[in-house]
Every structure is written in C-alpha cells, then in structure tokens.
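> only geometry, no sequence info:
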C-alpha cells in the first residue's frame with residue numbers, strides 16, 4: 001500500500017525548501033563569485049562537507065570520491081510515492097539535455113529510509129532512471145550526520161501498520177561544484193531545462 005503526500009505535507013516541504021536559502025543569506029559567496037542560477041544560490045555555505053555514506057557496492061563514499069564532477073544530491077527513498085520518482089526523472093532529463101557534458105555530472109540519491117532501502121533495492125531503483133545514478137545508504141548515525149551537514153530534513157510518519165510508514169523529507173537537489181562546494185538549491189518547481197542551465201554554469 002503506497003502512501004501519497006497530502007496537501008499539508010507538500011506545503012511543509014515546499015516551505016522548508018524556500019526557507020533554507022533565507023537562513024543562509026549571511027554566508028559569503030565562493031571566490032568564483034555569484035552566478036545567475038535559476039535555483040537559490042547557496043555558495044559559501046559549505047553544506048554537505050560531512051557526507052559519508054555507503055554506496056550500493058558496500059563502499060564508503062565521501063565528497064572526495066567525486067572531486068572533478070558536478071554533483072546533484074537528493075535526499076529521498078525508494079518507496080516515495082511521487083516526489084522522489086519525479087525528481088529522479090527530472091534529473092535524468094537534465095542529463096539528456098547536457099549531451100556529452102553529462103559525463104561530468106554525478107546524480108546521487110541519499111536514502112532517508114535505510115531500514116528498507118537495502119543496497120540491492122536502492123541500486124535497482126536509481127539505475128531504473130539512469131545507469132549512471134548512484135544510491136547511498138548507511139546506518140542511522142551515518143544518515144543523521146550527513147543530513148545535518150546538508151541541513152536536510154527527514155522524519156518518519158506512521159502508517160496503517162509498522163511496515164507501511166512514509167518518510168517526510170526535503171524536496172530539493174543540492175547542486176555542488178567540481179571542488180565539492182554547495183552552490184545552488186534546486187527546488188521542485190524547476191524544470192529539467194532550468195537544472196541543465198544551472199549545471200552548465202559549473203562545467
């Protein structure tokens with residue numbers, strides 16, 4: 001039984017995305033200066049520096065592993081009924097728009113539901129959208145530390161049975177440059193064209 005997002009939950013998630021850049025307005029931009037992002041500029045916040053999760057092969061991954069690539073990082077889970085599959089599909093479309101430059105971009109889905117998102121399940125899920133996508137999972141402690149580093153929100157919501165719960169979570173991509181610095185927050189209102197535009201600014 002799938003659990004769909006209510007209007008209230010959608011409003012809360014959208015509000016969390018909109019509020020984050022406001023909370024970070026005091027941060028200074030990176031040396032490269034401001035760029036005309038379609039998303040919200042979060043340069044200078046250093047979000048995500050403590051990323052430390054396990055990929056679907058069992059290897060521990062940190063930002064250092066992705067140096068030289070532009071990252072699109074999203075927090076979600078495989079049983080998410082609508083927000084996550086929509087986001088992954090949009091990211092796949094954005095990569096298609098980039099053509100040959102897509103090889104310089106890494107899309108990462110960090111599971112907020114490690115209890116159910118085993119490496120096998122998570123790997124199959126992300127690869128259904130694009131074979132290049134990477135899924136990261138881990139222990140509750142790893143997830144907590146990584147999510148705090150991104151200031152990403154997630155919370156368990158009880159369902160009709162203990163197994164049929166949902167996860168409320170942030171609904172935006174974190175766009176990170178080739179040095180691992182967070183540069184823009186791409187909310188759910190952006191189109192694949194908008195996403196491709198912002199990615200190109202960092203290539």
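Received it, and whenever you're ready, just let me know what you need. Predicted model only: the values in this text are computed from it and were never measured. Numbering: from 1, shown residues only.
> Helix, strand, or coil at the residue most central in space within the chain?
Centroid-nearest residue in the chain: residue 74, 1.0 Å away (criterion: C-alpha atoms, centre = their mean). Here residue 74 is recorded as strand under DSSP: H, G, I helix; E, B strand; the rest coil.
> Quick check, it in contact with residue 111.
No - Residue 74 sits out of contact with residue 111 when judged by C-beta atoms under 8 Å, with a separation of 10.2 Å. C-beta coordinates here come from the backbone N, C-alpha and C atoms, glycine included.
> List the residues that contact the closest residue to residue 174 other than its chain neighbours.
Nearest residue to residue 174 in three dimensions, chain neighbours excluded: residue 73, at 4.4 Å (C-beta to C-beta, 6 or more residues apart in numbering). Contacts here follow C-beta atoms under 8 Å, 6 or more residues apart in numbering; on that basis residue 73 touches 48, 51, 108, 110, 150, 173-174, 176.
> Just those: which are in strands?
Among these, the ones falling in strands (DSSP state E) are 108, 110, 173-174, 176.
> and those residues as TSV, adding pLDDT?
Formatted as TSV, the ones in strands among the contacts of residue 73 follow (pLDDT from 0 to 100):
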residue	pLDDT
108	98
110	97
173	97
174	98
176	97
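> Would you point out the most distant pair within these?
Greatest spacing in those, by C-beta to C-beta: 110 and 176 (12.6 Å).
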